[in-house]
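**Q** need the 3D shape of this:
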Amino acid sequence: MSTLYMRPARTLCGRSRLAAQRYLFVPTKAEAAGSHQLWSIMSSREEDVRVNGDHQLVADGGVNGEGEGELEAVMEQLAPEGVRALHARVEAEWGPVLQSACQTAAARALWATAVRDPAAGVLAGEKHLRGLHDKMRRDERAGAREVPGVMIAVRTLWFDARIEAAVGNLGGSPQVVLLGAGMDARAYRLSCLKECTVFELDFSELLEMKSDILHEAISSANHQKLTMMAKSLIRVPADIRDVGWMTKLQSCGYVPERNTIWVLEGILYYLHHVHAMQVLETIAACRASACTVLLADFMNKNATALSQTMYHFYHDSPDLLLPSIGFSQAMLSQIGDPQAHFGLLNHPQNLFDKLRRLPRSMEINPEDGTPCRRLYLVEASASPDDHTIL
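**A** Okay, the predicted model is just below:
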C-alpha cells in the first residue's frame with residue numbers, strides 16, 4: 001500500500017465523448033423540485049422529502065449517532081478554496097442525477113460509525129452534507145423511524161462484504177470493475193483489494209471532477225493523507241449505453257482472461273431496459289474466458305414507478321433473470337435480511353422487516369394498500385466450466 005501524494009487524475013484513461021448526463025434524461029431543477037417523488041422503496045408508503053430542493057433517499061432504521069463535532073471535522077476537509085470552487089461548479093453545472101453521486105457520498109460520510117470512508121466527505125461537498133445532516137437531526141428530534149441515509153449505509157456494507165468474499169473465493173489477484181463508479185472510494189478504503197487492479201468506469205466529466213477534488217484535498221493541510229489500498233486504480237471514461245464500452249475498458253488495461261468482480265451499485269435502474277440488458281449480457285459473456293462475479297442491486301417495478309423520468313430498468317425476479325442469460329447461480333437478499341442488516345435496522349417498527357416478510361409476488365401491502373417497493377441485492381457468478389444454456 002502506498003500513500004497518495006500525487007494527482008489521482010494521472011490514472012484517467014482516455015476521454016469520453018459524452019459527459020452531459022448520467023445514463024438518462026437529466027431533469028431541470030424546476031422539474032426535479034416539482035415532479036419527482038421520493039424513492040422510498042423500503043417503506044409501505046410514499047413520502048415527499050426534500051433537502052435543499054433535491055430529493056434524498058430516506059430509509060428505516062436506528063438513529064445515526066454521528067455528532068456535530070464529527071460533522072465539523074468533515075467540513076474542515078472542504079475548507080480549501082480549490083475544493084470549494086470545484087464543488088461550486090458541481091452545484092452549478094451538474095443535473096440532479098449526476099449530483100446523486102455526491103448524495104451517496106454524503107450518506108456514507110454521515111454514517112461514519114458504520115461505513116469507514118475517509119474520502120466520502122470531501123467528495124460529497126458541503127451542500128449535500130449539511131442538507132442530509134439537517135434532515136437527519138430533524139428526524140431524530142421528531143422520533144422518526146425513517147432516517148435518511150441508512151439504506152445507502154446498508155447497501156454499501158453489503159457490497160463491501162461481498163467484494164471481500166469474492167476476492168477471497170477467487171484467490172490470486174482478480175480485477176474489480178466498478179461500472180457507474182460515481183464518487184466511490186473503495187480503492188482507497190478496502191484492504192482486501194491490495195492485490196487487485198480496480199477500474200472505475202463513468203463519464204469523463206465526473207471522473208475528472210472526482211480526480212481534481214481528491215487532488216485539491218490531498219494537497220491541502222486540512223486533509224489527512226489518503227492511502228491507496230488497491231494495487232492500482234485506473235479510471236475509464238466511458239458511457240455504458242455505448243456498445244463499445246467494453247472495448248474502451250480493454251484498451252485501458254482490462255484483461256478478459258483474468259477473473260473479475262463486476263460491481264454495479266446504484267446504476268442499473270437508471271438505464272433503459274435495452275441498455276441494462278446489454279450490460280448484463282456483456283458481463284455474462286465474460287464467463288467464457290474467466291471466472292466472473294456480478295454484484296448488483298435491482299429495483300422492482302413498483303419502485304421505478306416513483307420516478308418514471310429517473311428510473312427505468314426493473315426486474316421483479318433478478319435471481320431468475322441472471323441464470324437465464326448465462327450465470328450459473330444467483331443469490332438474492334433484501335435490505336433487512338440477516339446478510340443485509342449490519343445492526344443498523346433496530347427500530348421495533350422496522351419497515352424493511354415488514355416488507356421483506358411479505359411474499360415477493362405481493363405487489364400491494366395488505367396493511368395499508370400501498371405498493372410494495374423493493375430493492376434487491378444480488379450476487380451471481382459464472383465460470384468457463386459452467387454449461388448453462390443461453
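**Q** okay, CA-based contacts and neighbour counts for the rest of this
**A** Noted.
**Q** who touches stretch 156-174?
**A** Identification of contacts with stretch 156-174 by C-alpha atoms under 8 Å, 6 or more residues apart in numbering yields 108, 115, 190, 192-193, 195-197, 258-261, 263, 265, 291, 293, 295, 339-340, 342, 379.
**Q** quick one: buried ones out of the residues you listed?
**A** The neighbour count (16 or more other C-alpha atoms under 10 Å) marks 108, 115, 190, 192-193, 195-197, 258-261, 263, 265, 291, 293, 295, 340, 342, 379 as buried among the contacts of stretch 156-174.
**Q** V263 touches L179, doesn't it?
**A** Yes. V263 lies in contact with L179 (C-alpha atoms under 8 Å); the separation is 6.2 Å.
**Q** any weak-confidence spans in the stretch 251-390 of the chain?
**A** The model of the stretch 251-390 of the chain has pLDDT under 70 over residues 387-390.
**Q** mind listing the helices in it by residue range?
**A** Using DSSP state H, counting those that start in this stretch, the helices of the stretch 251-390 of the chain run over 273-285, 301-304, 318-324, 351-357.
**Q** to E91, which of these lies closest?
**A** helix 301-304 (25.5 Å; C-alpha to C-alpha).
**Q** and the closest one, what's buried?
**A** Going by neighbour count (16+ other C-alpha under 10 Å), the buried part of helix 301-304 is K301, N302, A303, T304.
**Q** go on, stretch 91-106?
**A** Of all the residues in stretch 91-106, those buried under the rule 16+ other C-alpha under 10 Å are 94-106.
**Q** so which of the buried ones among the contacts of stretch 156-174 are in strands?
**A** Judged by DSSP state E, the buried ones among the contacts of stretch 156-174 include T197, T260, I261, V263, V293, L295, E379 as members of strands.
**Q** beta-bridge partners for the third one, please?
**A** In other words, I261. Beta-bridge pairing of I261, defined through DSSP bridges, involves V176, V293.
**Q** one more: the first one?
**A** Applying DSSP bridges to T197 yields these beta-bridge partners: S232.
**Q** now do the strands in the stretch 1-150 of the chain.
**A** 2-3, 50-51, 54-55, 58-60, 146-148 (DSSP state E, counting those that start in this stretch).
**Q** so what's L320 closest to, chain neighbours aside?
**A** A330 (7.7 Å; C-alpha to C-alpha, 6 or more residues apart in numbering).
**Q** show me the contacts for the one you found.
**A** Per C-alpha under 8 Å, 6+ apart, neighbours of A330: D319, L320, L322, P323, V378, E379, A380, S381.
**Q** using PyMOL, define a selection of the buried residues within these.
**A** Buried subset of the contacts of A330, written as a PyMOL selection, criterion 16+ other C-alpha under 10 Å:
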select buried, resi 319+322+323+378+379+380+381
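**Q** including distance to D239, could the contacts of A330 go into a markdown table?
**A** A markdown table is the format used below for the contacts of A330 (distance: C-alpha to C-alpha, whole Å):
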| residue | distance to D239 |
| --- | --- |
| D319 | 26 |
| L320 | 27 |
| L322 | 22 |
| P323 | 26 |
| V378 | 23 |
| E379 | 23 |
| A380 | 23 |
| S381 | 24 |
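**Q** return the member of the contacts of A330 nearest to Y270.
**A** Closest to Y270, out of all of the contacts of A330 and judged by C-alpha to C-alpha, is V378, at 16.8 Å.
**Q** residues in contact with the closest one?
**A** L294, L295, A296, D297, F298, P318, D319, A330, M331, L332, S333.
**Q** nearest residue to the last one in space, please, no chain neighbours.
**A** The spatial neighbour of S333 that comes closest, neighbours along the chain excluded (C-alpha to C-alpha, 6+ apart), is L377 at 5.1 Å.
**Q** separation between the one you found and W158?
**A** Separation of L377 from W158 (C-alpha to C-alpha, to the nearest Å): 8 Å.
**Q** quick one: average pLDDT of the helix or strand encompassing A161?
**A** Assigned by DSSP states H and E, A161 belongs to helix 150-170. Averaging pLDDT along helix 150-170 gives 96.
**Q** for it, C-alpha coordinates in CSV please.
**A** Coordinates of each C-alpha in helix 150-170 appear next as CSV, following Å, rounded to 0.1, in the frame of the first residue of the first chain:
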residue,chain,number,x,y,z
VAL,A,150,-29.3,4.2,6.4
MET,A,151,-30.3,2.4,3.2
ILE,A,152,-27.1,3.7,1.5
ALA,A,153,-25.1,2.6,4.5
VAL,A,154,-26.6,-1.0,4.5
ARG,A,155,-26.2,-1.2,0.7
THR,A,156,-22.6,0.0,0.9
LEU,A,157,-21.7,-2.5,3.6
TRP,A,158,-23.4,-5.4,1.7
PHE,A,159,-21.3,-4.6,-1.4
ASP,A,160,-18.1,-4.3,0.7
ALA,A,161,-18.7,-7.6,2.3
ARG,A,162,-19.5,-9.4,-1.0
ILE,A,163,-16.5,-7.9,-2.7
GLU,A,164,-14.2,-9.1,0.2
ALA,A,165,-15.8,-12.6,0.0
ALA,A,166,-15.4,-12.7,-3.8
VAL,A,167,-11.8,-11.7,-3.7
GLY,A,168,-11.1,-14.5,-1.1
ASN,A,169,-13.0,-17.1,-3.1
LEU,A,170,-11.4,-16.2,-6.5
